[in-house]
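Novice: coordinates for the following, if possible.
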Amino acid sequence: MTATKEEFFKPAKMSAQAKAEQTNTVVRDILDAETSAREKKTERLKALRLAQPAPAPVKTGKAKR
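Specialist: As a prediction, the model looks like this:
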């Protein structure tokens, strides 16, 4: 089975519904990847924050009247 020039350069037109489904699939994949990366980053930063010692209270130095 040999590939012809027409197979590569003249793809069949997709229906509007198929194109919309393909777009939705790609967008959902991208959003899922971004959500997963964001959740990993949040967990990592939360663990680092909890590992730090609690800060000492800050005195403002305001005079009482």
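Novice: got any ranges where the protein has weak pLDDT?
Specialist: Confidence mapping of the chain against pLDDT under 70 gives the ranges 1-3, 6-7, 10-11, 63-65.
Novice: can you show me the strands along it?
Specialist: Secondary structure of the chain by DSSP state E: no strands are present.
Novice: in it, where's the longest helix?
Specialist: helix 16-51 (DSSP state H).
Novice: for that one, the distance to its chain's centre please.
Specialist: 3 Å (C-alpha atoms, centre = their mean, to the nearest Å).
Novice: one more: stretch 53-65?
Specialist: On C-alpha atoms, centre = their mean, the centre of stretch 53-65 falls 40 Å from the chain's centre.
Novice: Ala37: neighbour count?
Specialist: 10 (other C-beta atoms under 10 Å). Using the backbone N, CA and C atoms, a C-beta is placed for each residue, glycine as well.
Novice: what number of residues lie near Ala56?
Specialist: For Ala56, the tally of surrounding residues (other C-beta under 10 Å) stands at 6.
Novice: distance of it from Arg49?
Specialist: With distances taken as C-beta to C-beta, to the nearest Å, Ala56 is found 16 Å from Arg49.
Novice: same check, this time on Thr42
Specialist: Thr42 is 10 Å from Arg49, where distance means C-beta to C-beta.
Novice: could you name every residue contacting both of the two?
Specialist: With contacts defined as C-beta atoms under 8 Å, 6 or more residues apart in numbering, no residue is shared by Thr42 and Arg49.
Novice: name the residue closest to the centre of the chain, please.
Specialist: Among the residues of the chain, the one closest to the centroid is Glu34, at 1.1 Å (C-alpha atoms, centre = their mean).
Novice: ok, now which ones touch that residue?
Specialist: By C-beta under 8 Å, 6+ apart, the contact list for Glu34 is empty.
Novice: contact partners for Val26?
Specialist: Counting by C-beta under 8 Å, 6+ apart, Val26 touches no other residue.
Novice: for it, give its distance to Glu39.
Specialist: 21 Å.
Novice: quick one: neighbours of Lys62, just the number.
Specialist: Lys62 has 6 nearby residues by other C-beta under 10 Å.
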